[in-house]
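A.B. asks: Sequence first, then the predicted structure, then my questions.
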Amino acid sequence: MARLLVLLLWLVAVLTAHAEQPNSSAVIRRDGSLEGLASLLNDHADFIFEEASEARELGVEADPGDTGEPRPPGTPLSPGQANRMLAVLAQWLITPPAAPLSPAIPSPEADVPPPVDCTDLRYSQILTGVPLKQPRPVVDFVAVGYDLDALEVRLVENYAVVDVFVLYESPRTQHGYAKPLFVREALLRTDRARFERFLPKIVHFEASEADIAEFVLQTAAAKKAHAAGQKYDSKGLWALEKQQRTEAIRRFRDRLAGDQDLRARLGWGDGIGTGASDMQPWGIQGDEDELITRNSLAHFRACELKKGVGRAGISAPCFIFKSSYSWLMKHPGDMPCLAQAMHLPGTTVRTTIELAAFYWRPGPWLWPLSQFLKHNSTFRSHEPGNPSACHDHLGIGAAVHLSSVSEPAKWLYKQFGAIEGSARVPSELLAALSLRSVTPRLLFDVAVRPWCSFHYPLTHA
């Protein structure tokens, strides 16, 4: 009972965290020099280091993983301070880069799919070689975290080959810290054209605090037990992460039931939408940083599938990168079977390839949309043991996964955003922040330079 009371008090405390936002009218410029990020942090040091009044008044810490023990070196931020640091970093992450993604990108309405060759050998595992009379519909489900740059890349890359992008956001990170609804904030800006141009194909859902309260408590309990070295429910640690996936499907199913325009766009309910035919809509399961290539999706949409393909999903063999797209990361044992049974592009030879060491299995995957809706799931947890990865797939390099980035603001945000993040801040950065002396060089040293270490199993691409 006492533990439950503490958890309830914690929930009351964290639910008030959204009220605390940095008050700044300074112009933020993301020009790649890190001068702007260093200035932003220094200018808001007083705001970040304020005491969390709501937690102090309740007499509890607003951290689901706090055990009451002294904090380890390098992690002196209170939960309230962590919330405020994330609020400051969010200002940087919501600001568009000073240089646009590409000045040559056509407007979405003028974008067209790339040329398709249904006999291309790289897709021969799943395609018959016969073109369809019309493309099969595709819905991309995206759990939006904090990386608007990755979201923009996704929309630009695949706008012409995806029929609907379903974006789902939560007001909490996977650790339970407060976060803004990034897409909403981006669309409220005066420079909202960055995402406004993609709205015709976007279905956007937002969770409320009430929607996720149960999952916040599950995460809280698991984190507290884990931090104390006690037995804990591992599913509880991932409760908020899983909620984003299942709730996106539920919301979309409800929308589809009553939105005639959406049903027409997907051919839903006219005898082909839910049947096992070439024209049934398909859904994409993948994280924000897992991206199927434009060419792969174009071929999947436009070409006939072999009989029986896709009953257990279709994988998009994904190269995993770390820090940047210049560094491939080894993920041994993830998909070794692909190396033994894959056509190399332009040949009829099946061979073992060195690139097999850099495959990432969990995503992206494609499934019939009807299966997503029936099971209220994107089947993310189904993939590690799914044998279909080795025979029903879109060919070498059909997708890319940029696991982490060396951009300091994103790196810091991930520490408190993703459940596998450390929820810690380097001591030298906090010391500099307390003195208002954060520099671009320091940000580089704590967030970028570590990736240069030979301790990481990386290979230059």
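C.D. replies: Noted; the coordinates are in hand. Values in this document were obtained by computation on a predicted structure and should not be read as measured data. Residues are numbered from 1 along each chain as shown.

A.B. asks: just for the stretch 151-300 of the chain, where's the confidence low?
C.D. replies: Applying pLDDT under 70 to the stretch 151-300 of the chain picks out residues 270-278.

A.B. asks: Let me see the ranges of the helices in it.
C.D. replies: Applying DSSP state H, counting those that start in this stretch to the stretch 151-300 of the chain gives helices spanning 182-188, 193-196, 209-227, 234-237, 239-258, 260-266, 294-302.

A.B. asks: Include distance to residue 168 and mean neighbour count when you put the ones you listed into a markdown table, please.
C.D. replies: In this view, the C-beta of every residue, glycine as well, is placed from N, C-alpha and C. Below are the helices of the stretch 151-300 of the chain laid out as a markdown table (distance: least, CB to CB, whole Å; neighbours: other CB atoms under 10 Å):
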| stretch | distance to residue 168 | mean neighbour count |
| --- | --- | --- |
| helix 182-188 | 10 | 17 |
| helix 193-196 | 15 | 16 |
| helix 209-227 | 11 | 19 |
| helix 234-237 | 20 | 15 |
| helix 239-258 | 4 | 18 |
| helix 260-266 | 16 | 14 |
| helix 294-302 | 20 | 23 |
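
A.B. asks: doesn't residue 223 make contact with residue 216?
C.D. replies: No. Using CB atoms under 8 Å, residue 216 is not in contact with residue 223, being 10.5 Å away.

A.B. asks: Which residue ranges of the stretch 51-200 of the chain form strands?
C.D. replies: Under the criterion DSSP state E, counting those that start in this stretch, the stretch 51-200 of the chain contains strands at 127-131, 138-144, 164-169.

A.B. asks: helices and strands around the second one, which ones?
C.D. replies: Pointing back at strand 138-144 there. Under the contact criterion of 3 or more CB pairs under 8 Å, 6 or more residues apart in numbering; DSSP states H and E, strand 138-144 touches helix 148-158, strand 164-169, helix 239-258, strand 282-285, helix 294-302.

A.B. asks: What of the first one?
C.D. replies: The contact analysis (3+ CB pairs under 8 Å, 6+ apart) places strand 127-131 against strand 303-305.

A.B. asks: got the buried residues for the strand it packs on?
C.D. replies: Buried residues in strand 303-305, counting neighbours by 16 or more other CB atoms under 10 Å, are found at 303-305.

A.B. asks: Now tabulate those in TSV and tack on pLDDT and distance to residue 211.
C.D. replies: TSV is the format used below for the buried residues of strand 303-305 (pLDDT from 0 to 100; distance: CB to CB, whole Å):
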residue	pLDDT	distance to residue 211
303	96	39
304	95	41
305	95	36
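
A.B. asks: Return the closest of the residues you listed with respect to residue 169.
C.D. replies: Taking CB to CB as the measure, residue 169 lies nearest residue 305 of the buried residues of strand 303-305, at 32.6 Å.

A.B. asks: Can you tell me how far that closest one is from residue 398?
C.D. replies: From residue 305 across to residue 398, the span is 15 Å (CB to CB, to the nearest Å).

A.B. asks: Give me the nearest residue to residue 246, chain neighbours excluded.
C.D. replies: On the basis of CB to CB, 6 or more residues apart in numbering, the spatially nearest residue to residue 246 that is not a chain neighbour turns out to be residue 376, at 5.6 Å.

A.B. asks: wait, that neighbour sits on residue 249?
C.D. replies: Yes. With contact defined as CB under 8 Å, residue 376 counts as touching residue 249 (5.3 Å).

A.B. asks: Report the central residue of this protein.
C.D. replies: residue 288 (2.6 Å; CA atoms, centre = their mean).

A.B. asks: how near is residue 113 to residue 49?
C.D. replies: Note on residue 113: its distance to residue 49, by CB to CB, is 51 Å.

A.B. asks: can you put the helices and strands packed on strand 138-144 in a markdown table and add distance to residue 179?
C.D. replies: Formatted as a markdown table, the helices and strands packed on strand 138-144 follow (distance: least, CB to CB, whole Å):
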| stretch | distance to residue 179 |
| --- | --- |
| helix 148-158 | 12 |
| strand 164-169 | 9 |
| helix 239-258 | 11 |
| strand 282-285 | 23 |
| helix 294-302 | 29 |
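
A.B. asks: Just tell me which of those ends up closest to residue 32.
C.D. replies: Of the helices and strands packed on strand 138-144, nearest to residue 32 by CB to CB is helix 148-158, at 12.2 Å.

A.B. asks: Run through the neighbouring helices and strands of that closest one.
C.D. replies: When contacts are defined as 3+ CB pairs under 8 Å, 6+ apart, helix 148-158 packs onto strand 138-144, strand 164-169, helix 182-188, helix 193-196, strand 290-292, helix 294-302.

A.B. asks: just so I know, which of the helices of the stretch 151-300 of the chain lies nearest residue 283?
C.D. replies: Closest of the helices of the stretch 151-300 of the chain to residue 283 is helix 239-258, at 8.4 Å (criterion: CB to CB).

A.B. asks: contacts for that closest one?
C.D. replies: The contact list for helix 239-258 (CB atoms under 8 Å, 6 or more residues apart in numbering) reads 139, 141, 143, 166, 168, 170, 172-174, 176, 203, 205, 207, 211-212, 215-216, 218-219, 222, 235, 262-263, 266, 268, 285, 372-373, 376-378, 380-381, 419.

A.B. asks: follow-up on the earlier one: out of the helices and strands packed on strand 138-144, which gets nearest to residue 391?
C.D. replies: helix 294-302 (15.7 Å).

A.B. asks: what is the orientation angle of that closest one with strand 127-131?
C.D. replies: Put simply, helix 294-302 runs at 70 degrees to strand 127-131, going by axes from the mean of the first three to the mean of the last three CA atoms, to 10 degrees.

A.B. asks: Which elements pack onto helix 294-302?
C.D. replies: Under the contact criterion of 3+ CB pairs under 8 Å, 6+ apart, helix 294-302 touches strand 138-144, helix 148-158.

A.B. asks: could I get the helices and strands packed on helix 148-158 as a markdown table with distance to residue 117?
C.D. replies: A markdown table is the format used below for the helices and strands packed on helix 148-158 (distance: least, CB to CB, whole Å):
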| stretch | distance to residue 117 |
| --- | --- |
| strand 138-144 | 19 |
| strand 164-169 | 26 |
| helix 182-188 | 35 |
| helix 193-196 | 32 |
| strand 290-292 | 18 |
| helix 294-302 | 8 |
